[in-house]
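Engineer: From the sequence below, what's the structure:
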Amino acid sequence: MATRTGLPLEAGLDEAGRGCLAGPVFAAAVILPPGFAPPLLRDSKQLSARQRELLRPLICAEAVAWAVGEASEEEIGALNIAQASYLAMHRAVAALPVVPAHLLVDGNRFRPLDGFAHTCVVGGDGRYRSIAAASVLAKTFRDERMAALDREFPAYGWARNAGYPTAAHRAAIRAHGPSSRHRLGFRLL
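Structural biologist: Just a heads-up that it's a prediction; the model follows:
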């Protein structure tokens with residue numbers, strides 16, 4: 001894995017939670033220092049929860065800058081999931097304590113952010129360290145939020161399924177109805 005532009009302040013962006021039935025969508029922006037290449041670092045979907053949790057403090061400690069943004073269930077309903085994902089990414093970039101020179105976005109689409117050049121890369125979380133790091137942060141911060149929401153809404157098993165459409169999650173929706181944290185514009189059943 002490498003950098004795309006060779007610019008020292010290239011920020012990788014990725015999101016987590018697009019396909020979920022409940023909870024916010026999260027995004028992270030990460031600017032890594034040259035040479036940052038821990039052996040485990042790759043797309044968060046290829047890592048175990050334990051591996052992601054090992055990487056998170058390392059990324060946070062070693063990154064030149066990092067930030068996490070989110071868009072709520074209400075924003076997802078009002079905008080749609082794609083636009084809400086872009087909003088979460090924009091919020092992550094805005095929260096960076098360092099202004100990036102370029103945005104490297106995982107995926108094939110992005111709503112341009114004024115003042116920032118960007119490049120979309122399909123499968124970028126498997127090709128670029130900064131996107132892989134953003135993938136890990138977005139996933140771990142979102143999983144942490146869903147575990148907290150699980151304590152408030154224990155019937156849905158969010159500490160285990162993170163709001164994704166598992167059979168058990170859908171069975172809980174059938175049994176208890178949707179919660180206030182479900183994405184009501186999504187097909188829940």
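Engineer: Which parts of this structure are strands?
Structural biologist: 10-16, 25-31, 65-71, 102-106, 118-121 (DSSP state E).
Engineer: In TSV: these, plus mean pLDDT, distance to His90 and mean neighbour count.
Structural biologist: Glycine gets a C-beta too; all of them are placed from N, C-alpha and C. Listed next are these as TSV, based on pLDDT from 0 to 100; distance: least, Cβ to Cβ, whole Å; neighbours: other Cβ atoms under 10 Å:
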stretch	mean pLDDT	distance to His90	mean neighbour count
strand 10-16	97	9	29
strand 25-31	98	8	31
strand 65-71	98	7	22
strand 102-106	96	10	25
strand 118-121	96	11	16
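Engineer: Make a markdown table out of those and add distance to Ala147.
Structural biologist: Shown next, in a markdown table, are these (distance: least, Cβ to Cβ, whole Å):
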| stretch | distance to Ala147 |
| --- | --- |
| strand 10-16 | 14 |
| strand 25-31 | 13 |
| strand 65-71 | 15 |
| strand 102-106 | 24 |
| strand 118-121 | 30 |
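Engineer: Compare these and give me the one nearest Ile173.
Structural biologist: strand 25-31 (18.9 Å; Cβ to Cβ).
Engineer: Sheet partners, orientation included, of that closest one?
Structural biologist: Next to strand 25-31 in the sheet, as set by DSSP bridges, lie strand 10-16 (antiparallel), strand 65-71 (antiparallel).
Engineer: helices or strands next to the longest helix seen in the chain in the packing?
Structural biologist: Using DSSP state H to define each element, the chain has its longest helix at helix 129-152. If you count contacts as 3 or more Cβ pairs under 8 Å, 6 or more residues apart in numbering; DSSP states H and E, helix 129-152 packs onto strand 10-16, strand 25-31, helix 49-62, strand 65-71, strand 102-106, helix 158-161.
Engineer: can you give me the angle the third one makes with helix 129-152?
Structural biologist: Meaning helix 49-62. 120 degrees (axes from the mean of the first three to the mean of the last three Cα atoms, to 10 degrees).
Engineer: ok, residues contacting helix 49-62?
Structural biologist: Helix 49-62 has contacts (Cβ atoms under 8 Å, 6 or more residues apart in numbering) with 30, 32-33, 36, 38, 40-41, 44, 47, 66, 133, 136-137, 139-140, 143.
Engineer: Return the distance of the longest helix of the chain from the chain's centre.
Structural biologist: Relative to its parent chain, helix 129-152 has a centroid offset of 6 Å by Cα atoms, centre = their mean, to the nearest Å.
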